[in-house]
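Trainee: structure for the following, please:
(one chain, ligands or ions: 1)
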Amino acid sequence: MSQAGTSLPGLLFLTPTKINPATRERWGTLVHLLGRACGKSPDIVKFNHFEKLKFTMTTKKATAIFPKKDASAKRAVSERVRARLVEAGHRFNANDNIAGFIHPGELDELRAEVEARMQEVLNALVIDTTGDHNTTETARRVAKMYVDEVFRGRYVDAPEVTSFPNVSKLNELMIVGPITVRSACSHHLCPIMGKVWFGVLPNANSDLIGLSKYARLCDWVMSRPQIQEEAVVMLADELERRIHPDGLAIVMEASHFCMHWRGVKDDKSLMTSSVMRGAFLRNPNLRLEFLSLIK
Ligand SMILES: [Zn+2]
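Mentor: Residues are numbered from 1 along each chain as shown. Prediction:
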């Protein structure tokens, strides 16, 4: 490791050799103090009537006094979070939750970064956000809407879901729904509005969760840019992990605004997808019973 000094700009003095003794003494004191601060005396080169004093500082000392800025602190927050995700090998698709990789306070930074970049989008769309009073605050509003509302399920931890033991050993079909679904498609970020039904067949060892928890978990999974087919599978995984039922069924019916507002501009079409697991997969009668009861 090189102990070579780091030259410090501004610490190069040219002092006249012929100065009065009082001034010379003051210079001497200053030179001594600077030498101490640098960890070594200056290199003195005399020429003509001047002394050239060159102060150098060892790299170690210079780093202590002028700490190098932490390279990661300068990076945009999205880059820092992404680097953590990549390092951990954690997927960060649009419908993945990345709350575990966001440090305290970084959500505020993230919102500010989205706002700045959204402003760039508005600029690129040639919208006069300075003169047009309707769009002055649009970048801020959209950033807040994405981070805190419609895509919130990516950035916050799962809601607390307390489960209870199945004391009464319930083993009959239980249906919850319809629960309103609000999401957005990953392809166009257009709204998806719909309904979802859950069918649960518990066994004696299953855990039970409160009815409102179905809605909270659903909201957490759906408040992300989603693909309906993947959304229902994610929802099934989350519920299965908490309830451990004999069977689990989910049916989601939704209206995709990317089909109404743009593209084919078809107002009426709905998409229905379902997930059947365990007893619902094995037992056609149970499946039929569930499907007939939700309509
Ligand atoms: Zn779409």
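
Trainee: and the strands in this structure?
Mentor: Assigned by DSSP state E, the strands in the chain fall at 5-16, 43-47, 50-58, 163-165, 174-185, 191-201, 207-209, 225-226, 247-256, 271-278.

Trainee: against which helices or strands is the fourth one packed?
Mentor: When you say that, I think you mean strand 163-165. Identification of packing neighbours for strand 163-165 by 3 or more Cβ pairs under 8 Å, 6 or more residues apart in numbering; DSSP states H and E yields strand 207-209. Using the backbone N, CA and C atoms, a C-beta is placed for each residue, glycine as well.

Trainee: what average pLDDT does the strand it packs on get?
Mentor: Per-residue pLDDT values over strand 207-209 give a mean of 90.

Trainee: now for that strand, which elements pack on it?
Mentor: Using 3+ Cβ pairs under 8 Å, 6+ apart as the contact criterion, the neighbours of strand 207-209 among helices and strands are strand 163-165, helix 228-243.

Trainee: list the contacts of that strand.
Mentor: Strand 207-209 is contacted by residues 161-166, 170, 202, 242-244 when judged by Cβ atoms under 8 Å, 6 or more residues apart in numbering.

Trainee: returning to what we had before: closest to the ion out of the strands of the chain?
Mentor: Nearest to the ion among the strands of the chain is strand 174-185; the distance by Cβ to the ion comes to 3.3 Å.

Trainee: give me the number of residues near residue 21?
Mentor: Residues near residue 21, counting by other Cβ atoms under 10 Å, number 8.

Trainee: got it, and residue 259?
Mentor: Using other Cβ under 10 Å as the criterion, residue 259 is surrounded by 20 other residues.

Trainee: just the pLDDT at it, thanks.
Mentor: The predicted local distance difference test score for residue 259 is 90.

Trainee: residue 268 is in contact with that one, correct?
Mentor: No - the pair residue 259 and residue 268 does not pass the contact test of Cβ atoms under 8 Å, sitting 9.5 Å apart.

Trainee: format the helices and strands packed on strand 207-209 as CSV; extra columns: mean pLDDT.
Mentor: Rendered in CSV, the data for those read as follows (pLDDT from 0 to 100):
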stretch, mean pLDDT
strand 163-165, 86
helix 228-243, 96
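
Trainee: interface residues of this protein facing the ion?
Mentor: Applying Cβ under 5 Å from the ion, we find that the chain lies next to the ion at 185, 187-188, 258.

Trainee: which of the residues you listed sits closest to residue 290?
Mentor: Of all the residues of the chain next to the ion, residue 290 sits closest to residue 185, with 26.8 Å by Cβ to Cβ.

Trainee: can you list the low-confidence ranges for the chain?
Mentor: For the chain, the stretches with pLDDT under 70 are 1-17, 38-39, 47-49, 57-73.

Trainee: name the nearest residue to residue 112, sequence neighbours excluded.
Mentor: The shortest distance from residue 112 to any non-neighbouring residue, by Cβ to Cβ, 6 or more residues apart in numbering, is to residue 143 (7.5 Å).

Trainee: wait, isn't residue 152 in contact with residue 223?
Mentor: Yes - because the distance of 4.7 Å satisfies Cβ under 8 Å, residue 152 is recorded as touching residue 223.
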